[in-house]
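Participant: Everything below, folded, please.
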Amino acid sequence: MEIILLQDIQRLGLKDDIVTVKDGYARNFLIPQKMAILATESARKVLAENIRQRAHKQAKLIEEAKELATKLEGVSVTIGAKTSTTGKIFGSVNTIMLAEEINKQGFELDRKQMTIADSIKEVGKYTAKIKLHREVIVDFEFEVVSE
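Facilitator: Just a heads-up that it's a prediction; the model follows:
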């Protein structure tokens, strides 16, 4: 069954995507939860019109995200953590700590926009990915030091 997603659904698709799912999943879960609608001919026409109108707004959002990305490239962040004598961190550094440090420097970023590849348990330099927009993802370098 083909459906049009009304919101982003992890591992399925993004808002306004037309995807094919099993009939029961669509009928019993996605449609009653108002996460999707049937991809009828009229729904497809409405979707095409909405996408056309939203294209200009998206271009502006992408431009703003790119400007923020260039500002983030010049920022250096150092996160202090309690460590043992061998350089191992008690606990770990996570996206919450990274978001707090970046926001202290005047940015408005949410921790959910950031992903750190590995669990950070040692002092050193690391890279996080910050998703500013669906199409704009920045590699952000930061350093973890001993307090």
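
Participant: Can you read off the pLDDT for residue 135?
Facilitator: Here, the pLDDT recorded for residue 135 equals 88.

Participant: That one: what's its closest spatial neighbour, skipping adjacent residues?
Facilitator: Distance criterion C-beta to C-beta, 6 or more residues apart in numbering; nearest residue to residue 135, sequence neighbours excluded, is residue 62 at 5.9 Å. Using the backbone N, CA and C atoms, a C-beta is placed for each residue, glycine as well.

Participant: mind checking how far that neighbour is from residue 133?
Facilitator: Applying C-beta to C-beta, to the nearest Å, the value for residue 62 to residue 133 is 6 Å.

Participant: do residue 22 as well
Facilitator: 31 Å.

Participant: what do you get for residue 41?
Facilitator: Noted for residue 41: a distance of 31 Å to residue 133, by C-beta to C-beta.

Participant: So which of these two has more stuff around it?
Facilitator: Neighbours were counted for residue 41 and for residue 133 using other C-beta atoms under 10 Å; residue 133 has more, 16 against 7.

Participant: For the more buried one, give me its contacts.
Facilitator: Residues in contact with residue 133 (C-beta atoms under 8 Å, 6 or more residues apart in numbering) are 61, 62, 65.
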